[in-house]
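Peer 1: Sequence plus the predicted model coming up.
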Amino acid sequence: MIEITKEVLTPQTDARTELAALPPLIVWHYTTGVVLPRILADGEIKQAVAGIEPNEKPAVWFSSHPVWEPTATKGVSDDNGIRRWATREEMLAVGLVRIGVMQETAPHNWMAYKRLSGVSDRMAGAMRITGYDKGARISQWFVSFDPVPREKWVSIEVWNGSEWEPYLRWRGRTTCWSLLAGLSGHICGGSTAHIVCETLHLLTLVKGQAHTARPDC
C-alpha cells in the first residue's frame, strides 16, 4: 500500500541526486479533481500558459514520478501574504488525479525543453530551483508542446486515500469536486488555474478558519 504523506506531497529528501534510468513507459499529468471536469469537457490536456515568457512555447507537463509530482502541489498565501505549500489535507480535499500517456506522447525531457521552448536561462533556473525546493527531480519531467487529446490517454486514476485506482470507479463519488469547480469557476470567470485557487480558498472558508489561505494564482 502506498501512502501519500506530507513528505510525498512536499518531499524532504535530497532531490539533487539525479539517477540515470531508462525512459519510463508511462508518464503522468498530475492534477486535481476540481480541474478534471474541465479537462474531460475539453477532451484534451491543454498547454500551461500561466507565467510563461513572451517568446516561450507553452507546454503540457508530465512526470514519471510513480506516486505524486511534487511541483503539482499548490502554493498558497495567507492574509498576510506569507506563502506556503498547500497541506496534505487541502490537496486531498480537492482530489488528487493523474492522467497517463505513453512516454512518446510527451517526448521532450528537461534538457530538450530548455533547448526547444525558448525559455530564458533565468526562468529555467528559477523553475529548476523551485523544483528542487519542493523535492522534485528534473530527470522525471517531460513535456509535449501540443495539446494532448483524449485518444492519447492510457489511464485516468484517482487517489482513494491509500492507492491510485481507475477513475471509472470514482465517477459517482466526484460530485463534490464538480460542485467546487463550478462554484470557483463562476467566481473567477472559469480560468482553470483560478479554479484550483478559489476552490482551496472556499475550502478554508468552509472550515471556518480565522485566516484563510488563498492559493497563488
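Peer 2: Noted; the coordinates are in hand.
Peer 1: pLDDT of stretch 37-44, averaged?
Peer 2: In this model, stretch 37-44 carries a mean pLDDT of 94.
Peer 1: Spatially nearest residue to I99, not counting backbone neighbours?
Peer 2: Leaving aside its chain neighbours, I99 sits nearest to H29 (4.5 Å; criterion: C-beta to C-beta, 6 or more residues apart in numbering). The way it works is simple: take the backbone N, C-alpha and C, and place the C-beta from them, glycine included.
Peer 1: Check what pLDDT the one you found gets.
Peer 2: According to the prediction, H29 has pLDDT 97.
Peer 1: On the three-state scheme, R115 is what?
Peer 2: The three-state assignment at R115 reads helix, by DSSP: H, G, I helix; E, B strand; the rest coil.
Peer 1: so how many other residues sit close to it?
Peer 2: For R115, the neighbour count with other C-beta atoms under 10 Å is 10.
Peer 1: Ok, A41 next?
Peer 2: 8.
Peer 1: residues near the residue nearest to I99, how many?
Peer 2: H29: 24 neighbours (other C-beta under 10 Å).
Peer 1: Which other helices and strands does the helix or strand it falls within contact?
Peer 2: Using DSSP states H and E, H29 falls within strand 26-32. When contacts are defined as 3 or more C-beta pairs under 8 Å, 6 or more residues apart in numbering; DSSP states H and E, strand 26-32 packs onto strand 60-63, strand 96-102.
Peer 1: what mean pLDDT would you report for the shortest one?
Peer 2: The predicted model assigns strand 60-63 a mean pLDDT of 97.
Peer 1: Among the helices and strands packed on strand 26-32, which comes closest to L116?
Peer 2: Nearest to L116 among these is strand 60-63; the distance by C-beta to C-beta comes to 13.7 Å.
Peer 1: That'll do, ta.
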